[in-house]
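A.B. asks: My questions concern the predicted model and sequence given below.
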Amino acid sequence: QVQLVQSGGGLVQSGGSLTLSCAASGFTLGMYIMRWYREAPGSSREWVGGIASDTGGTNYADFVRGRFTISKDNSENIGYLQMNDLKPDDTAVYYCEVRHVLRPENNYWGQGTQVIVSS
């Protein structure tokens, strides 16, 4: 069964850190780019950042650059979103998404994980 399973969300104080995981099953991540998005209450889903399929190249939205780090371990079939110096505005449901570099119709989403940052 093809799926992405997320874990690692929770409640953290402002300035704290969390790491979200996104584990793939039923397919291998080697040919997939991975992106992370978030959706805050009352807001539309926004792009947080992404990582290339195999080079490890990353890019980030301005509001997380320098605080968040995306990584992907193709041998373990898992990706991560490391979040440091969290702020209350980072409170949202976070989603991972993968897309095959040659077959974009192969596109999968994780179930989402809640992150709450208290002030």
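C.D. replies: Great, that's in hand. Because the structure is predicted, anything quoted here is derived from the model rather than measured.
A.B. asks: tell me the centre residue of this protein?
C.D. replies: The centre of the chain sits closest to W36, judged by Cα atoms, centre = their mean, with a distance of 3.4 Å.
A.B. asks: For the residue nearest to that residue when sequence neighbours are not counted, grab the count of nearby residues.
C.D. replies: Closest residue in space to W36, ignoring its immediate chain neighbours: V48 at 4.3 Å, by Cβ to Cβ, 6 or more residues apart in numbering. In this view, the C-beta of every residue, glycine as well, is placed from N, C-alpha and C. By the criterion of other Cβ atoms under 10 Å, V48 has 22 neighbours.
A.B. asks: for V48, what are its contacts?
C.D. replies: By Cβ atoms under 8 Å, 6 or more residues apart in numbering, the contact set of V48 is R35, W36, Y37, R38, Y60, A61, V64, F68, L81, Y94.
A.B. asks: how about the strands in this protein?
C.D. replies: Per DSSP state E, the chain carries strands over the ranges 3-7, 10-13, 18-25, 32-39, 46-51, 58-60, 68-73, 78-83, 92-100, 107-109, 113-118.
A.B. asks: gap between S118 and L18?
C.D. replies: 12 Å (Cβ to Cβ, to the nearest Å).
A.B. asks: what is in contact with those two at once?
C.D. replies: Common neighbours of S118 and L18 (Cβ under 8 Å, 6+ apart) are V12.
A.B. asks: which two in the contacts of V48 are spaced the farthest apart?
C.D. replies: Y60 and Y94 (13.7 Å; Cβ to Cβ).
A.B. asks: Test my guess that F27 contacts V2.
C.D. replies: Yes: look at F27 against V2 with Cβ atoms under 8 Å: they come within range, at 5.5 Å.
A.B. asks: would you turn the strands of the chain into CSV with mean pLDDT?
C.D. replies: CSV is the format used below for those (pLDDT from 0 to 100):
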stretch, mean pLDDT
strand 3-7, 97
strand 10-13, 98
strand 18-25, 98
strand 32-39, 98
strand 46-51, 98
strand 58-60, 97
strand 68-73, 97
strand 78-83, 98
strand 92-100, 98
strand 107-109, 97
strand 113-118, 98
